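>>> Okay, structure incoming, though there's no sequence with it:
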């Protein structure tokens with residue numbers, strides 16, 4: 001589902017953000033050693049796919065929770081573009 005919409009490098013980055021390394025992710029989730037790389041090559045394993053999708057869902061919900069609004073730097077650059 002969400003896995004199909006993302007680039008493989010983005011998927012790996014999301015795993016690294018949460019676990020530090022893909023190896024640690026594999027160890028903590030007790031997954032096969034080549035499970036993530038196989039998944040990214042199109043060889044699906046339900047257990048690996050569900051574990052990766054859990055990480056991606058957590059990443060998306062974390063990104064959505066950051067609703068503090070745009071930063072001051074962004075607001076300034078946006079105003080400059082409108083004024084120009």
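All right, it came through fine. All values reported here derive from a predicted model rather than from experimental measurement. Residues are numbered from 1 along each chain as shown.

>>> Relative to the whole chain's centre, how far out is stretch 17-37?
14 Å (CA atoms, centre = their mean, to the nearest Å).

>>> which residues touch that stretch?
When contacts are defined by CB atoms under 8 Å, 6 or more residues apart in numbering, stretch 17-37 is touched by residues 12, 15-16, 38, 45, 47-48, 51-52, 55, 58-59. To be clear about C-beta, it is placed using only N, CA and C from the backbone, and glycine gets the same treatment.

>>> Which elements pack onto the lengthiest helix in the chain?
Secondary structure of the chain per DSSP state H: the longest helix is helix 46-65. For helix 46-65, the contact count by 3 or more CB pairs under 8 Å, 6 or more residues apart in numbering; DSSP states H and E identifies helix 2-5, helix 8-19, helix 22-29, helix 35-40 as packing neighbours.

>>> I'd like to know which elements the shortest one is packed against.
By that I understand helix 2-5. Using 3+ CB pairs under 8 Å, 6+ apart: helix 2-5 touches helix 46-65.

>>> what is the orientation angle of the helix it packs on with helix 8-19?
Inter-element angle recorded for helix 46-65 and helix 8-19: 80 degrees (by axes from the mean of the first three to the mean of the last three CA atoms, to 10 degrees).

>>> Go through helix 46-65 and flag the buried ones.
Across helix 46-65, burial judged by 16 or more other CB atoms under 10 Å covers 48-49, 51-52, 55-56, 59.

>>> So for that helix, mean pLDDT?
Average pLDDT, helix 46-65: 84.

>>> Check the offset of it from the chain's centre.
7 Å.

>>> With stretch 28-44 instead?
Taking mean C-alpha positions (CA atoms, centre = their mean), stretch 28-44 and its chain are 16 Å apart.
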